[in-house]
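Undergrad: How does the following fold in three dimensions:
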Amino acid sequence: MSEVCQLPNVFSIAKSGHAGKSPSNISTIMLVLGLLMASLGTTVATTGICYGMLGDNLPSPGEVINMYKQNNIGRMRLYGQNYDAFQALRATNIELMLGVPNEELQSIASSQDYANKWIRNNVQNYGDVKFKYIAVGNEIEPNGPYAQFLYPAMEHIQTAIYNADLGYKNIKVSTPIYQAALAESYPPSKGSFTSEYRSFLDPIIGFLVNHKYPLLVNMYPYYSYIENTKDIRLEYALFTSPSVVVQDGKHGYQNIFDAILDAFYSALEKANGGSLDIVVSETGWPSDGGQATYFEYASLYNKILIKHVQGGTPKRPIGPIETYMFTMFNKNKKTPNYEKYWELFYPNKQPKYQIKFS
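TA: Just a heads-up that it's a prediction; the model follows:
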């Protein structure tokens with residue numbers, strides 16, 4: 001996902017029976033939603049929104065940052081450097097996850113001077129922007145052209161942050177992976193990385209453990225559902241199951257979001273990364289363009305998500321779960337078709353769904 005679409009492997013989280021894919025389920029889901037929402041009290045903001053730019057007729061970065069402020073959205077993910085956005089973020093309280101584009105990994109990995117310049121131009125020169133994470137690359141495949149550069153690029157970025165005397169800001173360096181990294185995910189306690197990802201991730205996990213930085217995970221229950229509608233209920237994917245669907249030892253799962261996240265935690269434990277936290281760096285549900293892409297489903301997923309991540313998971317019950325929703329605007333330049341309709345706001349700055357972000 002993100003700015004470059006990559007579909008995860010087919011994998012099953014819940015052996016829980018077939019669910020229909022038409023809006024005939026919506027009345028039941030809405031009833032469950034009402035009960036869920038009534039049981040949740042006032043919350044604090046833990047969600048951010050990914051600010052993608054692969055669309056036409058989008059508001060200016062200055063207007064977009066004002067939208068974040070007006071809607072009490074306290075966190076932003078940018079997929080690469082955007083100097084107009086940096087300027088607009090100055091002296092705001094919006095925390096920023098800034099991405100290093102995949103195409104720059106080789107240059108950064110090959111030269112500490114290049115990494116120093118990158119941090120100077122994109123971070124140090126904007127000292128009044130609240131940089132929280134540098135996300136080095138995005139969804140790098142272990143056998144892909146960028147894999148060999150990822151770990152040294154992360155090390156060089158980390159060194160560059162300290163060379164620029166920015167260590168006191170506690171800017172965390174990590175990289176987003178996605179669901180294809182899991183060899184097993186059902187039940188969550190069996191979660192493990194594929195052998196290809198293990199050899200690729202092991203030094204990265206060691207880096208994160210040494211610095212006490214989180215792992216970033218792009219996580220989409222939508223893909224899990226459409227790849228296995230035979231075994232995964234729609235309610236389990238949309239947070240609307242009224243009861244436990246998967247019992248995994250002492251842990252009961254009512255939604256696939258928690259199940260996927262805990263499968264990643266189990267995989268990390270098997271890879272000497274049990275001390276790590278996970279930040280959900282992308283998640284969402286499309287409203288059009290493909291299977292199960294109804295407006296009502298997307299609205300439900302996003303509304304309940306914001307409430308849900310205030311707590312933890314069965315395996316990690318102490319929350320909240322830092323989460324970034326995908327995405328601010330329609331990305332009509334992306335393919336396939338359903339990649340275009342994940343937006344939370346229209347280009348005219350009106351909200352697509354009635355959502356309170358805090």
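Undergrad: so which strand or helix has the spatially closest residue to residue 176 that is not a sequence neighbour?
TA: Once flanking residues are discounted, residue 176 sits nearest to residue 216: 4.0 Å by CB to CB, 6 or more residues apart in numbering. Any C-beta I mention is one placed from the backbone N, CA and C, and that applies to glycine too. With secondary structure defined by DSSP states H and E, residue 216 is part of strand 215-218.
Undergrad: tell me which strands and helices that strand is in contact with?
TA: strand 176-178, helix 256-270, strand 278-283 (3 or more CB pairs under 8 Å, 6 or more residues apart in numbering; DSSP states H and E).
Undergrad: Which elements pack onto the second one?
TA: Here helix 256-270 is seen to pack against strand 182-184, strand 192-193, strand 215-218, helix 221-226, strand 251-253, strand 278-283 when contacts are counted using 3+ CB pairs under 8 Å, 6+ apart.
Undergrad: Pull up the pairing partners for the first one, direction included.
TA: By that I understand strand 182-184. Here strand 182-184 is paired, per DSSP bridges, with strand 192-193 (antiparallel).
Undergrad: picking up where we left off before, which of the helices and strands packed on helix 256-270 sits most buried?
TA: strand 278-283 (a mean of 26; mean count of other CB atoms under 10 Å).
Undergrad: what angle do that strand and helix 256-270 make?
TA: 140 degrees (axes from the mean of the first three to the mean of the last three CA atoms, to 10 degrees).
Undergrad: The residue lying farthest from the centre of the chain is in what secondary structure piece?
TA: For the chain, the residue at maximal distance from the C-alpha centroid (CA atoms, centre = their mean) is residue 113, at 30.2 Å. Here residue 113 is covered by helix 112-122, with elements defined by DSSP H and E.
Undergrad: For that helix, enumerate the helices and strands it packs against.
TA: helix 105-110, helix 147-163.
Undergrad: Near residue 275, how many other residues are there?
TA: When counting by other CB atoms under 10 Å, one arrives at 11 neighbours for residue 275.
Undergrad: show me the contacts for it.
TA: By CB atoms under 8 Å, 6 or more residues apart in numbering, the contact set of residue 275 is 209, 212.
Undergrad: so what's the backbone phi/psi at it?
TA: Main-chain torsions, residue 275, degrees, to the nearest 10: phi -80, psi -10.
Undergrad: Quick check: pLDDT value at it.
TA: Note for residue 275: predicted pLDDT of 98.
Undergrad: relative orientation of the helix holding residue 113 and helix 147-163 in degrees?
TA: Going by the same axes, to 10 degrees, helix 112-122 makes 60 degrees with helix 147-163.
Undergrad: Could you identify the helix or strand that succeeds helix 112-122?
TA: Using DSSP H and E, the helix or strand that follows helix 112-122 towards the C-terminus is strand 130-136.
Undergrad: Can you spell out which helices and strands pack onto that next one?
TA: Based on contacts counted as 3+ CB pairs under 8 Å, 6+ apart, the elements that strand 130-136 packs against are strand 95-100, helix 147-163, strand 172-174.
Undergrad: low-confidence ranges in the protein?
TA: For the chain, residues meeting the criterion pLDDT under 70 lie at 1-45, 332-335.
Undergrad: one step back: could you export the helices and strands packed on strand 130-136 as CSV, including mean neighbour count and distance to residue 279?
TA: As requested, the helices and strands packed on strand 130-136 are exported to CSV (neighbours: other CB atoms under 10 Å; distance: least, CB to CB, whole Å):
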stretch, mean neighbour count, distance to residue 279
strand 95-100, 23, 8
helix 147-163, 21, 15
strand 172-174, 22, 8
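Undergrad: Redo the ones you listed as CSV? Include distance to residue 246.
TA: Shown next, in CSV, are those (distance: least, CB to CB, whole Å):
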stretch, distance to residue 246
strand 95-100, 31
helix 147-163, 33
strand 172-174, 28
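Undergrad: Residue 287: which of those is closest?
TA: strand 95-100 (24.1 Å; CB to CB).
Undergrad: Show me what that closest one is packed up against.
TA: Applying 3+ CB pairs under 8 Å, 6+ apart, one finds that strand 95-100 contacts strand 75-78, strand 130-136.
Undergrad: Could you spell out the sheet neighbours of it, each with its direction?
TA: Applying DSSP bridges to the sheet, strand 95-100 is found paired with strand 75-78 (parallel), strand 130-136 (parallel).
Undergrad: Quick one: the ones you listed as a markdown table, columns for distance to residue 226 and mean neighbour count too.
TA: What follows is these, written out as a markdown table (distance: least, CB to CB, whole Å; neighbours: other CB atoms under 10 Å):
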| stretch | distance to residue 226 | mean neighbour count |
| --- | --- | --- |
| strand 75-78 | 24 | 24 |
| strand 130-136 | 26 | 24 |
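Undergrad: Tabulate the helices and strands packed on strand 215-218 in JSON lines, adding columns for distance to residue 352.
TA: Formatted as JSON lines, the helices and strands packed on strand 215-218 follow (distance: least, CB to CB, whole Å):
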{"stretch": "strand 176-178", "distance to residue 352": "24"}
{"stretch": "helix 256-270", "distance to residue 352": "21"}
{"stretch": "strand 278-283", "distance to residue 352": "16"}
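Undergrad: Sounds good, over and out.
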